[in-house]
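In: Need coordinates for the following:
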Amino acid sequence: NEHYPAILMSEKEVDALKVDPSLIIEVPIEHLNSFRSDILGSLRDLAGKATLAVAPFLTDLESIRNSIGRVKNAFSRDHVNYGIDTVTASSVEMQLPDEPRACHIDIGLTQDRAGIACGYVSGFKRVERSGGYEMLPVIVIEALLAVTPPKKGQIEISYLRGLIYMLEEAGYPVRWVTMDTFQSVDSLQIFKQHGYSVGRVSTDRTMIPYMQTKQALSDGRILLPKHDILSTEWKSLEVDYQKGRVDHTAHSTKDVSDAVASVVHVLSSIREIANRWGVEPSLLENSGGFKLAQGDSKDEYINKRTF
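Out: Predicted coordinates:
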């Protein structure tokens, strides 16, 4: 008889659910935030309890509902069929036009959907942690698009680059562009020639982008437009603790989700952004930020990146 673990804050909840007392563990208050953000990982690492090797990744559905639909999408539609649909970008709803933007392109191969996400930091939020607090970025994803390839063909990468240029022409100050896979090398060089700071971010080689995204959701620090594909992808994500990666189920995708996680990672890792908001780096040492992007200037970001 398997049950998904949950945090019960009162005896009434225990009685209402008729939980077997042998399944209940007391969690010290200093570890409560850890259990809230990653209950399975905390059960395994802090409580020493065996858990499933593969389990749902985002289990706090309320945090997803509270984050999605908070801003308007800069793109005129959420999804396009490549070669069939058209899309435009508008800056009518743009906020904080002086804040630099980060964009990520998750390239779709022959049968894969491509995902594009762009966002910025709208401020920093004080988040209470065990024994202190952290100042962490509030991230706004303002442009989100899924691109489906044709049945017998693939998406031209030049088309995906054009979507970033479209946002720039609409007035969005795009500063950083990241991609993944070997196919991104030429495109990153082209973006660099156009004056963007570039780098590679992989959500398959490390769980950090997804862990940062999960924490931002839990903290209420991420705002996104309504996007049905992203909502579906988030709810179907799984974490494989043995392989140390977040993946999708056999019948789902994570292209748009990967793009969002990558943007969250970049915006959480650039010192310049904290400097712009007057946040001391010492307040972010335990946040996962500032450990991957080295340096403040554009050239340093390009040359010293550790994506």
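In: Please count neighbours and contacts with C-alpha atoms only from this point.
Out: Noted.
In: residues contacting the closest residue to residue 81 other than its chain neighbours?
Out: Distance criterion C-alpha to C-alpha, 6 or more residues apart in numbering; nearest residue to residue 81, sequence neighbours excluded, is residue 148 at 4.8 Å. If you count contacts by C-alpha atoms under 8 Å, 6 or more residues apart in numbering, residue 148 has them with 79-82, 108, 112-114, 155.
In: Phi, psi for residue 148 please.
Out: Residue 148 adopts backbone torsions of phi -100, psi 130, taken as degrees, to the nearest 10.
In: and what of residue 89?
Out: Note on residue 89: backbone dihedrals following degrees, to the nearest 10 are phi -130, psi 140.
In: which regions of the protein lie under the pLDDT threshold?
Out: Of all residues in the chain, those with pLDDT under 70 make up the ranges 1-6, 8-9, 13-19, 22-23, 30-54, 108-111, 182, 281-307.
In: Please report how far the spatially most central residue of the chain lies from residue 179.
Out: Centroid-nearest residue in the chain: residue 261, 2.0 Å away (criterion: C-alpha atoms, centre = their mean). Separation of residue 261 from residue 179 (C-alpha to C-alpha, to the nearest Å): 12 Å.
In: so residue 154 sits in a strand?
Out: No. Counting by DSSP: H, G, I helix; E, B strand; the rest coil, one finds residue 154 to be coil, located in no strand.
In: Adjust the sequence numbering to begin at 727 for everything that follows.
Out: In the new count, where the first residue is 727, that last one comes out as residue 880.
In: how close does it get to residue 992?
Out: Taking C-alpha to C-alpha, one finds residue 880 at 27 Å from residue 992.
In: quick one: which of those two has more around it?
Out: Higher neighbour count among residue 880 and residue 992: residue 992, with 26 against 17, using other C-alpha atoms under 10 Å.
In: And the next helix or strand past whichever strand or helix holds the more buried one?
Out: Following DSSP states H and E, one finds residue 992 within helix 981-993. Counting by DSSP H and E, the next helix or strand C-terminal to helix 981-993 is helix 997-1002.
In: Would you indicate which residues of that following helix are buried?
Out: 997-1000 (16 or more other C-alpha atoms under 10 Å).
In: can you put the residues you listed in CSV and add distance to residue 784?
Out: Shown next, in CSV, are these (distance: C-alpha to C-alpha, whole Å):
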residue, distance to residue 784
997, 28
998, 30
999, 27
1000, 27
